[in-house]
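Q: got a predicted model here, sequence first, then my questions.
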Amino acid sequence: MLKMHNIVYKDWTSELLNKWDRLRKDQDAAIKSHETSLSTFSSASQHLVEDTLAERLGKYASLSGAEVPEIVEEKLPELTSAMQREIENALMPRPSTEVLVRSFGLEIKRHDMHTLAGLNWLNDEIINFYMNLIIERGKMDNYPNVYAMNTFFYPKLITSGYATLKRWTRKVDIFSQDLVIAPIHMNVHWCLAVMNMKTKNITYYDSMGAPNNRCLNALLNYLKEESMDKKKRPFDATGWTLVNAQGNPQQQNGSDCGVFTCIYAEYLSRKAELSFSQKDMPYFRQKMCAEFSSLTFETARCTVCPFPLLLLAMHGWLRAASPRLARRVEWLVQPLWLRIHAHEGRSFTSRWLFDSRPVESSLE
């Protein structure tokens, strides 16, 4: 009996190891089997969803008697070598707190510009600045008149109500605009809402496809209170519709919602089809960076102004010779530039934003 006891049995360790080895192999085989089953199930589920969606779209098309239109992608302006150099200069790591652009009462610092690189999340400064560029473009002929709320508008509307916002529009009549656009910040996600004063609808665009009826109703109530406060009369909501957009371009990652929001606004504010997709996001990040970088010495409406034109010529030469020195000169000359154009009543903005021409069609 003592000979058979585990403590004195000479092969007990070998048998124990073999036992555990067999158990481990059985567990590995079971795990592999489960992984195979899950992979098969996932693939089958994806095909089922795709087939179901295709079937539903087919039924909808047949019921409506209309073909699903094919959206032709817009040819995007090419990034020139000069623009690439400006982008590289703007995305240099230091000094991170250097102010690269100042306008609209806002500043874009180098660390703000860095949010346009890679898969970084866009911050409030970048989105608010871009919305102001769109407002400026709306002052040009053939573009819809556009007013844009800033990124703090919606959170404040939801948490504090209209009373805390009514002073924000004391200098603008939003009801005289064609479009009022509002970036919607949903904690860690950016969306866009567009109030179309001509077609009487409020549309919510989410690059992840989620509806937001709360936002739509809050914006309609905002219009009602704004009318009572500024117009001293009730807002006529007859004929107004609230729409959660469907079929708009969708993001395929967790990083580009801010870019989608800005590009939704850029396209919609010139009445263009939303013909872009996820694959265009790296391009749009660079394009936005180039637009911001070109802002300082570009004018939207000045055609005859010898002194600024001379500055532009000198500035172009200096940028080619030394981008870093050019930035320093820009910083010194910019206040004079702003005073010249403030005196002449001319606005200035990014010339490159105007390379996207308005679609010649009615807002309706």
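A: Great, that's in hand.
Q: report how many residues lie close to Ser294.
A: Counted with other C-beta atoms under 10 Å, the neighbours of Ser294 add up to 18. C-beta: built from backbone N, CA, C; applies to glycine.
Q: check it and give its pLDDT.
A: Looking at Ser294, its pLDDT is 79.
Q: is it correct that it is in contact with Arg85?
A: No - under the criterion of C-beta atoms under 8 Å, Ser294 makes no contact with Arg85, lying 11.5 Å away.
Q: a strand runs through Glu78, doesn't it?
A: No - looking at Glu78 with DSSP: H, G, I helix; E, B strand; the rest coil, it is coil, so not inside a strand.
Q: ok, it - how many residues close by?
A: Counted with other C-beta under 10 Å, Glu78 comes out at 9.
Q: cool, the one 10 residues further on as well?
A: Burial of Glu88, expressed as a neighbour count using other C-beta under 10 Å, amounts to 12.
Q: hmm, Gln286 is touching Arg85, no?
A: No - judged on C-beta under 8 Å, Gln286 makes no contact with Arg85 at a distance of 11.9 Å.
Q: which one of those two is surrounded by more residues?
A: Gln286 (18 against 15).
Q: now for the more buried one: which residues touch it?
A: Applying C-beta atoms under 8 Å, 6 or more residues apart in numbering to Gln286 gives the contacts Leu79, Met83, Gln84, Ile87, Leu116.
Q: so which helix or strand takes in it?
A: helix 281-293 (DSSP states H and E).
Q: mind listing what's buried in that helix?
A: For helix 281-293, burial by neighbour count (16 or more other C-beta atoms under 10 Å) applies to Met281, Phe284, Arg285, Gln286, Lys287, Met288, Cys289, Ala290, Glu291, Phe292, Ser293.
Q: can you list the domain ranges for the chain.
A: 1-68, 81-293, 296-348 (automatic domain parsing).
Q: now do the same end-to-end measure for the second one.
A: From its first residue to its last, domain 81-293 covers 14 Å (C-alpha to C-alpha, to the nearest Å).
Q: what's the helix or strand for Leu219?
A: helix 213-226.
Q: quick one: low-confidence ranges for the protein?
A: Along the chain, the model assigns pLDDT under 70 to residues 1-13, 16, 34-73, 296-324, 326-364.
Q: repeat the analysis, applying 50 as the threshold.
A: 2, 46-69, 297-309, 337-351, 360-364 (pLDDT under 50).
Q: which stretches of it form helices?
A: Assigned by DSSP state H, the chain shows helices spanning 12-64, 81-90, 110-113, 124-137, 153-160, 213-226, 257-268, 281-293, 306-321, 323-344.
Q: from Ser103, how far off is Leu295?
A: 6 Å (C-beta to C-beta, to the nearest Å).
Q: which of the two has more neighbours?
A: More neighbours surround Leu295 than the other of Leu295 and Ser103, with 23 against 20 (other C-beta under 10 Å).
Q: the more buried one contacts Phe104, doesn't it?
A: No - using C-beta under 8 Å, Leu295 is not in contact with Phe104, being 9.9 Å away.
Q: neighbours of the closest residue to Gly138 other than its chain neighbours, just the number please.
A: Closest residue to Gly138 apart from its sequence neighbours, by C-beta to C-beta, 6 or more residues apart in numbering: Val146 at 3.6 Å. For Val146, the count of nearby residues is 22 (other C-beta under 10 Å).
Q: I'd say Val146 and Ile134 touch.
A: Yes - the criterion here is C-beta under 8 Å, and Val146 meets it with Ile134 at 5.7 Å.
Q: neighbours of the closest residue in space to Tyr162 that isn't next to it in sequence, how many?
A: Once flanking residues are discounted, Tyr162 sits nearest to Glu225: 4.2 Å by C-beta to C-beta, 6+ apart. Other residues within reach of Glu225, judged by other C-beta under 10 Å, total 16.
Q: how about the strands in the stretch 101-250 of the chain?
A: For the stretch 101-250 of the chain, the strands defined by DSSP state E, counting those that start in this stretch occupy 106-109, 146-148, 179-185, 190-196, 201-205, 241-244.
Q: quick check: Asp173 touching Glu226?
A: No - assessed by C-beta under 8 Å, Asp173 is found out of contact with Glu226, at 9.7 Å.
Q: thought Gln275 was touching Glu74?
A: I think there's a mix-up here, since residue 275 is Ser and not Gln. Yes - with contact defined as C-beta under 8 Å, Ser275 counts as touching Glu74 (4.9 Å).
Q: picking up where we left off before, now the helix holding Leu219 and helix 153-160, what's the angle there?
A: 80 degrees (axes from the mean of the first three to the mean of the last three C-alpha atoms, to 10 degrees).
Q: and the contacts of helix 213-226?
A: Counting by C-beta under 8 Å, 6+ apart, 154, 157-158, 162, 165-166, 169, 174-175, 182, 184, 191, 193, 195, 202, 204, 234-235, 237, 240, 242-244 sit against helix 213-226.
Q: got the buried residues for it?
A: Cys215, Leu216, Ala218, Leu219, Leu220, Tyr222, Leu223, Glu225, Glu226.
Q: any residues in contact with both of Val146 and Ile134?
A: Ile181, Ser269.
Q: please name the residues that touch the closest residue to Thr203 other than its chain neighbours.
A: Of all residues not flanking Thr203 in the chain, Val243 sits nearest, at 4.4 Å (C-beta to C-beta, 6+ apart). Residues in contact with Val243, defined by C-beta under 8 Å, 6+ apart, are Asn201, Ile202, Thr203, Tyr204, Leu216.
Q: apply 7 Å and report the result again.
A: Asn201, Ile202, Thr203 (C-beta atoms under 7 Å, 6 or more residues apart in numbering).
Q: how near is Ser294 to Tyr143?
A: When Ser294 is compared with Tyr143 (using C-beta to C-beta), they lie 19 Å apart.
Q: I'm done for today, thanks for sticking with me.
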